[in-house]
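*Asks:* Give the three-dimensional model of this entry:
(2 chains, ligands or ions: 2)
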Amino acid sequence: MPLFSPTEFAKEQVLAVQEYSLLAGRSLSNVFTQPRYIADTLLQADLIGVGSLPIVVLTGFFTGAVLALQTSSTLQQFGSLSLTGKLVSLSMVRELGPVLTGLMVAGRNSSGMASELGSMKVTEQIDAMRAMGVDPSKKLVTPRVIATVVMLFFLSIISDLVGLTGGFMISFTLLGLDASQYWTTAYQALRFGDVIMGLSKPVVFGFIIASIGCYYGLSAKGGTQGVGRATTQAVVAASVLILVSDFFITRLLMGFFQY
Amino acid sequence: MRFEDVSIAFDHPVLEGISFQLPRGETKILMGVAGTGKTLILKLALGLLKPDSGHIDVLGNEITAMREQELFALRRNIGMVFQESALFDSLTVEENVAYRLIEETGRVTEEIHERVLEALRFVELEHTVSLFPAELSGGMRRRVAIARAIITQPEVLLYDSPTGGLDPVTSDRIIELIVKQRDVYHTSSLMVTHRLQDAFTMASHYFDRQQNKMLPVGDGVDCGDLNTRFLILRDCKIIFEGNAAELLRCTDPYIREYLS
Ligand SMILES: Nc1ncnc2c1ncn2[C@@H]1O[C@H](COP(=O)(O)OP(=O)(O)OP(=O)(O)O)[C@@H](O)[C@H]1O
Ligand SMILES: [Mg+2]
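*Replies:* Ligands and ions are numbered 1, 2, ... in the order given. Sure thing, here's the model as predicted:
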């Protein structure tokens, strides 16, 4: 076995980042050139959006509910239980809605894309596509990126709303809060900056999920085992990148809206 | 098509200083033991891989100097039959065969359906039109791949071991198709094969349009008219290039052993 060489390793990493950036860039620039694969995009949107709806609703609901439970015990100590709605709404809209939805969809769809494209890669179907003059980045990557970005945007909004409802259920039934009080504080807590933050995150996360999934799929090699490896790596990389970029977006927008 | 001093290496050198020409209308049969880089030559000709050095000209374009984005248009004039068929397994036979046509119109029109049936009739697989590749046998998949490659009547056809691992009856059927493509449409082609018998069948038979079948060339006719030549690869290099008669006269001990 050859010795581990740090320079080789570093070169490989740099090359991988470069290839990923090229693919990501191309997936965006393809939007502006013919042909556009509308049917493929709609199919992916259905797969990603409608398919992820159940898990997004479930995670959103229970996250909102547990948030209300957790914060209420602290708030009770200060005698300000009425602020539950505000806390749930701020945490859901700014952070947990987009991030949890992103992680869920990453687990579901980054892996799906990596394994689908990976299998096509190792069975030469990608080569066959190129051989027939069809650009895989146009036919496969761009539709997935667009579909994921658009769908994650709406899924996050749904997750926010369902989370707020979950929080409301707990506040109303267990904590005995007044319905209108909950919704009013929840609504009034949100400022323009919070909403912008909550809506810009899923756009970035969606792009990460699809581009990472496709990148790992298209660079799969080494037979079925390689496909398995690509799938795992895609989920891990997408999830980590979502959390890292979440930090930076939050920091950036906080500075911008002067919190 | 022209290869000029093309070399490529992976962990070890695979092709070194490969040069040959494929004039319009000619069929070249590429032979050599497993792993000598025959598939690589076809992939290089399509620009799916870039050589480490050397130049490759295809249909008047130097593809070694072109970017991937520019190659897509050129590749539409070239048909390739992959060694493992490489059919899209989530599409039906019809969608596979019509892939390039659907690409242009966006959907299966009545006219495309007719052309698909015609191409499938050519390979005698009309009845499989709505099946999925997984439901076909290996030989049927290979024939679907041929139909997919010829449906647009490209100017160049690349066949990678179209008869590999198939029984003699199916192999003969496929060779007949390739001969038909050669003699009816005069397509330039590069064909990889492991079966010597196929190679000699191709060099000694012609396609008779009246009787719609392949016939052996009569005694008086020169095989050179069939426009079929051989290339033999060994240890990264081309060790033989010529027609069937020259091949049979060749005295190189390695080639004699290969032929026997
Ligand atoms: N992507 C690749 N990475 C590393 N090595 C490769 C790659 N593709 C081909 N090779 C090497 O190149 C050599 C030639 O491969 P190629 O597939 O062209 O052989 P072939 O002549 O088509 O063989 P066969 O008759 O078995 O199909 C092999 O030794 C193989 O190990
Ligand atoms: Mg091969």
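*Asks:* From now on I want contacts and neighbour counts done on CA atoms only, so please keep to that.
*Replies:* OK.
*Asks:* Now for the residue in chain B that chain A sits nearest to: which residues touch it?
*Replies:* Using CA to the nearest CA, the single residue of chain B nearest to chain A is residue B:72, 4.1 Å away. With contact taken as CA atoms under 8 Å, 6 or more residues apart in numbering or on different chains, residue B:72 is in contact with A:130, A:131, A:132, A:133, A:134, A:135.
*Asks:* Now do the SS call for the first one.
*Replies:* Here residue A:130 takes the helix state, with states given by DSSP: H, G, I helix; E, B strand; the rest coil.
*Asks:* list the contacts for the spatially most central residue of chain A?
*Replies:* Centroid-nearest residue in chain A: residue A:102, 2.5 Å away (criterion: CA atoms, centre = their mean). Residues near residue A:102 by CA under 8 Å, 6+ apart: A:152, A:202, A:205, A:206, A:209, A:239, A:242.
*Asks:* All the helices of the chain, residue numbers only.
*Replies:* Here I'm looking at chain A. Ranges of helices within chain A are A:6-29, A:38-45, A:51-77, A:84-91, A:97-105, A:111-122, A:125-131, A:136, A:142-173, A:179-189, A:192-218, A:223-257, based on DSSP state H.
*Asks:* let's do chain B instead
*Replies:* Under DSSP H, chain B gives helices at B:38-46, B:68-75, B:93-97, B:99-105, B:110-122, B:138-150, B:168-185, B:196-204, B:244-249, B:253-259.
*Asks:* Kindly reformat those helices as CSV containing mean pLDDT and distance to residue A:230.
*Replies:* Below are these laid out as CSV (pLDDT from 0 to 100; distance: least, CA to CA, whole Å):
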stretch, mean pLDDT, distance to residue A:230
helix B:38-46, 93, 24
helix B:68-75, 90, 24
helix B:93-97, 94, 26
helix B:99-105, 86, 27
helix B:110-122, 90, 36
helix B:138-150, 90, 28
helix B:168-185, 86, 37
helix B:196-204, 87, 40
helix B:244-249, 82, 47
helix B:253-259, 82, 42
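*Asks:* which one of the helices of chain A lies closest to residue B:150?
*Replies:* Proximity to residue B:150 (CA to CA) singles out helix A:125-131 among the helices of chain A, at 13.0 Å.
*Asks:* thought residue A:230 was touching residue A:216?
*Replies:* Yes. Using CA atoms under 8 Å, residue A:230 is in contact with residue A:216, at 5.3 Å.
*Asks:* just so I know, which of the helices of chain A lies nearest residue B:196?
*Replies:* helix A:125-131 (26.8 Å).
*Asks:* contact partners of the helix or strand following the closest one?
*Replies:* Once the chain leaves helix A:125-131, the next helix or strand it forms, by DSSP states H and E, is helix A:136. The contact list for helix A:136 (CA under 8 Å, 6+ apart) reads A:126, A:129, A:130.
*Asks:* As a markdown table, the residues you listed with pLDDT, neighbour count and distance to chain B would be great.
*Replies:* Converted to a markdown table, the contacts of helix A:136 look like this (pLDDT from 0 to 100; neighbours: other CA atoms under 10 Å in any protein chain shown; distance: CA to the nearest CA, whole Å):
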| residue | pLDDT | neighbour count | distance to chain B |
| --- | --- | --- | --- |
| A:126 | 95 | 22 | 9 |
| A:129 | 95 | 20 | 9 |
| A:130 | 94 | 21 | 7 |
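*Asks:* OK, contacts around residue A:242?
*Replies:* A:99, A:102, A:103, A:205, A:208.
*Asks:* Quick check: the farthest pair among these?
*Replies:* Greatest spatial distance among these (CA to CA): A:99 and A:208, at 12.2 Å.
*Asks:* Which single residue of the stretch 151-260 of chain B approaches ligand 1 most closely?
*Replies:* residue B:194 (6.8 Å; CA to the nearest ligand atom).
*Asks:* re earlier: reformat the helices of chain B as CSV; add distance to ligand 1.
*Replies:* Below are the helices of chain B laid out as CSV (distance: least, CA to the nearest ligand atom, whole Å):
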stretch, distance to ligand 1
helix B:38-46, 4
helix B:68-75, 17
helix B:93-97, 23
helix B:99-105, 25
helix B:110-122, 26
helix B:138-150, 15
helix B:168-185, 16
helix B:196-204, 13
helix B:244-249, 20
helix B:253-259, 14
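*Asks:* And residue A:250, how far from ligand 1?
*Replies:* Using CA to the nearest ligand atom, to the nearest Å, residue A:250 is found at 43 Å from ligand 1.
*Asks:* Is it correct that that residue is in contact with residue A:197?
*Replies:* Yes. In this structure, residue A:250 is within contact of residue A:197 by CA under 8 Å, at 7.1 Å.
*Asks:* tell me the pLDDT at residue 22?
*Replies:* All of this is about chain A. With respect to pLDDT, residue A:22 scores 93.
*Asks:* let's do chain B instead
*Replies:* 91.
*Asks:* Does it touch residue B:29 like I think?
*Replies:* No. Using CA under 8 Å as the test, residue B:22 is too far from residue B:29 to be in contact (10.6 Å).
*Asks:* If you count surrounding residues, which of the two has more?
*Replies:* Between residue B:22 and residue B:29, counting by other CA atoms under 10 Å in any protein chain shown, residue B:29 is the more crowded of the two (26 against 17).
*Asks:* Show the contacting residues for the more buried one.
*Replies:* Contacts of residue B:29 (CA under 8 Å, 6+ apart): B:190, B:191, B:192, B:193, B:199, B:228, B:229, B:230, B:231.
*Asks:* Contact partners for the residue lying closest to residue A:117 once chain neighbours are set aside?
*Replies:* Nearest non-adjacent residue to residue A:117, counting by CA to CA, 6 or more residues apart in numbering or on different chains: residue A:217, 4.7 Å away. Residue A:217 makes contact with A:113, A:114, A:115, A:116, A:117, A:118, A:119, A:121, A:227, A:230, A:231, according to CA under 8 Å, 6+ apart.
*Asks:* Need the pLDDT of the nearest residue to residue B:233 once chain neighbours are set aside.
*Replies:* Residue nearest to residue B:233 in three dimensions, not counting chain neighbours: residue B:32, with 4.9 Å by CA to CA, 6+ apart. pLDDT for residue B:32: 88.
*Asks:* I'd like to know how far residue B:32 sits from ligand 1.
*Replies:* For residue B:32 relative to ligand 1 (CA to the nearest ligand atom), the value is 7 Å.
*Asks:* same question, residue A:239
*Replies:* 30 Å.
*Asks:* Run a quick neighbour tally on the closest residue to that residue other than its chain neighbours.
*Replies:* With sequence-adjacent residues excluded and distances taken as CA to CA, 6+ apart, residue A:239 is closest to residue A:103, at 5.8 Å. Residues near residue A:103, counting by other CA under 10 Å, number 22.
*Asks:* for residue A:50, same thing?
*Replies:* 12.
*Asks:* same thing with residue B:260?
*Replies:* Residues near residue B:260, counting by other CA under 10 Å: 6.
*Asks:* ok, now residue A:5?
*Replies:* Counted with other CA under 10 Å, residue A:5 comes out at 8.
*Asks:* That one and chain B, how far apart?
*Replies:* 17 Å (CA to the nearest CA, to the nearest Å).
*Asks:* again, but for residue A:256
*Replies:* From residue A:256 to chain B the distance is 39 Å (CA to the nearest CA).
*Asks:* With residue A:178 instead?
*Replies:* Taking CA to the nearest CA, one finds residue A:178 at 54 Å from chain B.
*Asks:* how about the closest residue to chain B within chain A, what does it touch?
*Replies:* Nearest residue of chain A to chain B (CA to the nearest CA) works out as residue A:133 at 4.1 Å. Residues counted as contacts of residue A:133 (CA under 8 Å, 6+ apart) are B:71, B:72, B:73, B:74, B:75, B:76.
*Asks:* one step back: just put the contacts of helix A:136 in JSON lines and tack on distance to ligand 1.
*Replies:* Converted to JSON lines, the contacts of helix A:136 look like this (distance: CA to the nearest ligand atom, whole Å):
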{"residue": "A:126", "distance to ligand 1": "13"}
{"residue": "A:129", "distance to ligand 1": "17"}
{"residue": "A:130", "distance to ligand 1": "16"}
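*Asks:* from those, which is closest to residue A:222?
*Replies:* residue A:126 (14.7 Å).
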